[in-house]
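Peer 1: please find the sequence and the predicted model below.
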Number of protein chains: 2
Amino acid sequence: MQQTFTTTALATILGGLCISSAIAQSSLPDPAATDPQKLGWMQGFPPAPDKLVQFANGSSYQFPRTRWSFSHSRELGPTANVWHGAGHAAVLPQALQSLDDLRFKDGKNTEIRWADMLANTYTDSVLAMHKGKVIYEKYFGISKPYLPHIAMSVTKSFVGTLAAMLAAEGKINPADPVTKYIPELKDSAYADATVRQVMDMTIGVQYSENYADPKAEIWDYARAGGLLPTAPGYSGPKNFYDFLTKLKKEGEHDQAFAYKTVNAEVLAWIVRRASGQSLSDLMSERLWQKLGTENDAYFAVDSLGTEQGGGGLNLTLRDMARFGEMMRNGGQFNGQQIIPQEVVADIRKGGDPAKFAQAGYKTLPGYSYRNMWWVGHNAHQTFEARGIHGQRIYIDPVAEMVIVKFSSHPVAANGASDPVTYRAFQALANHLMK
Amino acid sequence: MQQTFTTTALATILGGLCISSAIAQSSLPDPAATDPQKLGWMQGFPPAPDKLVQFANGSSYQFPRTRWSFSHSRELGPTANVWHGAGHAAVLPQALQSLDDLRFKDGKNTEIRWADMLANTYTDSVLAMHKGKVIYEKYFGISKPYLPHIAMSVTKSFVGTLAAMLAAEGKINPADPVTKYIPELKDSAYADATVRQVMDMTIGVQYSENYADPKAEIWDYARAGGLLPTAPGYSGPKNFYDFLTKLKKEGEHDQAFAYKTVNAEVLAWIVRRASGQSLSDLMSERLWQKLGTENDAYFAVDSLGTEQGGGGLNLTLRDMARFGEMMRNGGQFNGQQIIPQEVVADIRKGGDPAKFAQAGYKTLPGYSYRNMWWVGHNAHQTFEARGIHGQRIYIDPVAEMVIVKFSSHPVAANGASDPVTYRAFQALANHLMK
């Protein structure tokens, strides 16, 4: 299957990550044929050579091996644990519905079933909640309820939430210069930036997130953090901090939203300095232990043990649902106020849609970005955490609905699946509000 | 402190592991001065250069950094998770006693306090149970109840127990040749060995576990499994299986006990083939989910994702206590028969003390080795799991006592601490039987 995929030139394997510029949904590989269970990755002792998924040769970031590796980050590199706590898991009440036949129009005005939408977007697992009850929960391929999946940039929303919590406590002042917390950034692009600009990603920094460009700095970042293997004799930065301090300014701050993962790493650094805790310890103490999570989460870490705040969080679907449900409920869950209501309100308020519009996201009209969350500014007041290859926390306060979804879409950019997933989520919201 | 330690030539840092041939307890570094909390390993964002503990430069296996790294294996390399299950943790009832002032005679007939014994053996954490209740539980340095610690060769006893369970089910026949399960070993030392010989470590194989010899195969094994960094251009075996298939015979099988970690790796391979499961999945299903553990355990894995069955298990102290208590109770714990009583009986029966005696362990008179457990054949019918640098499950059925202990002793071989720990454990047993 991989060969078919490669030879049809649907996507380019670049620096290990599957990328594509403009891919038509119809020309993607048959999702059923990429089922990791059927393909037998890492089965046997040892697995057959053509069934191996390894970090060192870059194969762990190649589709369709990603359909296995996105649920096995821990086996591929060093990680830091986010302890689930000593208490009992918070029960997620169930009121299951059969949604597979829910029908809606996709981006091309063709009727599509909910179940087909899941398959076509390479869904690994999905859970929907309505009014606090689980109405739908499915695991595909090698996914399991207890197996953490990589959240990619959904990670950023956790970092942004922790930062906003520290801001509410006065431990971070968003109006302060970044260098108040991280003097090491005084000669970098962040020398004259504020924490707020970092939180809302309006930083002018020479750093490209364009997965289609082999020279984009996203690859240098990944190599520095140990997320991709390096060639023999590699002499670049060997950890996240080292990479961040060398970033140069490009343009001006505060002019436009520009989605750049390094901002999340800078914010994670600020969060650590302001709290005096590692990201994993802070997240355990402030969120994971209080949410009544079932399982530990974990972060990929670099050679210094620094968590990848831009995309390295791995967690189970149900625990992500608990977090999403807590956000929907203004910070309340498991019988307690876990984060202040004003923190959730500040996120939902959103950033500046005019600044956001300059980034040109066709699938996100009228959106803004605030505290590392994506805010819809629509009738349903939706707000979201989004990660490449189809990771999602979608919160619809009006429909009292939360959808969490893990995927291993061959295309990194969510623009490839947004046209169908948004329509599906809106259709479900409308169905539930009937 | 490290400098002092190195320059006093108390031990040699070799291939990353702290070793020593004949060290007098009195000449070891002051344990209090090696407290990892005080030394501040990995504190700060980033930590100061001289406070770093890293895998790539070998520092994570250098004492006194080991006092930190033994509780942070996960942050230093890839791992496979042993899921704790969805149920509630089994309560460990408490009846705490103040044992710190318990006095006994050490190996030199000097009176010593229990608390001093703990400090002098570089204890990271210790828990004692009597008649099913926790009577003593302490965490030192950076240890915490929820933080897994590396178990070193205590791992082998888990592998041996799982193998004995499969044998009881008829999935493994110990009388069978190893090659029935692992044909790949047909040209190795194991070509004419039986599974029983592997389980009891009476294999004639050219492999030295002598930590004092820089050319000992233990170092080649560690490099093959990714447990130690390799030099640029390294061309040796790149995973455990590759290393095992190349081992050559030396002497005859079944003549004498010879403690060689590779036998545990071979047994782990047999266990995977016979069960069709990874070691981590099997251990989760058969032990961790049933014991009512509080936390996930995890294994260090090689580049193929293969667990280090010889020493790579990391687990929390309390969960190790649950396992030990289950063994003391003939396989019963948490309201169920977790492993068959005959499996425990077979372990307690022990191996052949005459074969064991040939290995010349001065601190283990009259002992034998069976199913990867150390059996005392003494009046208290003690049996134990033992790991280098002071890892221990000590079960005394007569005193109805279980002691679990994690340590980061600068000397690998437990002969360095046995004279005092055995006397301490026996003194506690006598105290409890009064």
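Peer 2: That came in fine, so what should we check first?
Peer 1: how many residues are close by the residue of the stretch 151-300 of chain A found nearest chain B?
Peer 2: Distances from the stretch 151-300 of chain A to chain B, computed as Cβ to the nearest Cβ, single out residue A:272 as the nearest residue at 4.2 Å. Bear in mind the C-beta positions are built from the backbone N, C-alpha and C, glycine included. Residue A:272 sits with 23 neighbouring residues when counted by other Cβ atoms under 10 Å in any protein chain shown.
Peer 1: grab the nearest non-local neighbour of it.
Peer 2: residue B:45 (4.2 Å; Cβ to Cβ, 6 or more residues apart in numbering or on different chains).
Peer 1: residue A:379 reaches residue A:399, doesn't it?
Peer 2: No. In this structure, residue A:379 is not within contact of residue A:399 by Cβ atoms under 8 Å, at 10.3 Å.
Peer 1: more neighbours: the two, which one.
Peer 2: Neighbours were counted for residue A:379 and for residue A:399 using other Cβ under 10 Å; residue A:399 has more, 21 against 7.
Peer 1: and the nearest residue in space to residue A:43 that is not next to it in sequence, what pLDDT?
Peer 2: If you skip the residues right next to it in sequence, residue A:43 has residue A:51 as its closest partner in space, 6.2 Å away by Cβ to Cβ, 6+ apart. Among the per-residue scores, residue A:51 holds a pLDDT of 98.
Peer 1: report the contact partners of residue A:51.
Peer 2: Contact criterion Cβ atoms under 8 Å, 6 or more residues apart in numbering or on different chains gives A:39, A:40, A:41, A:42, A:43, A:44 as the residues in contact with residue A:51.
Peer 1: and chain A, which of its residues are near chain B?
Peer 2: Remark: the part of chain A in contact with chain B comprises A:42, A:45-47, A:52-56, A:72, A:74-81, A:83, A:86, A:88-89, A:146, A:232, A:239, A:241, A:269, A:272-273, A:278, A:294-296, A:298, A:301, A:303-306, using Cβ under 8 Å from any Cβ of the partner chain.
Peer 1: is there a neighbour count for the residue in the stretch 1-150 of chain A positioned nearest to chain B? I'd like the number.
Peer 2: Nearest to chain B, among the residues of the stretch 1-150 of chain A, is residue A:45, at 4.2 Å (Cβ to the nearest Cβ). Around residue A:45 there are 22 other residues, counting by other Cβ under 10 Å.
Peer 1: ok, now how distant is it from residue B:71?
Peer 2: Distance, residue A:45 to residue B:71, using Cβ to Cβ, to the nearest Å: 29 Å.
Peer 1: can you find the helix or strand of chain A with the lowest average pLDDT?
Peer 2: For chain A, using mean pLDDT, DSSP states H and E, the weakest element among its helices and strands is helix A:2-7, scoring a mean of 27.
Peer 1: re earlier: separation between the residue nearest to residue A:43 and residue B:304?
Peer 2: When Cβ to Cβ is the yardstick, residue A:51 and residue B:304 sit 11 Å from each other.
Peer 1: could you do residue A:202 as well?
Peer 2: Distance check for residue A:202 against residue B:304: by Cβ to Cβ, it reads 45 Å.
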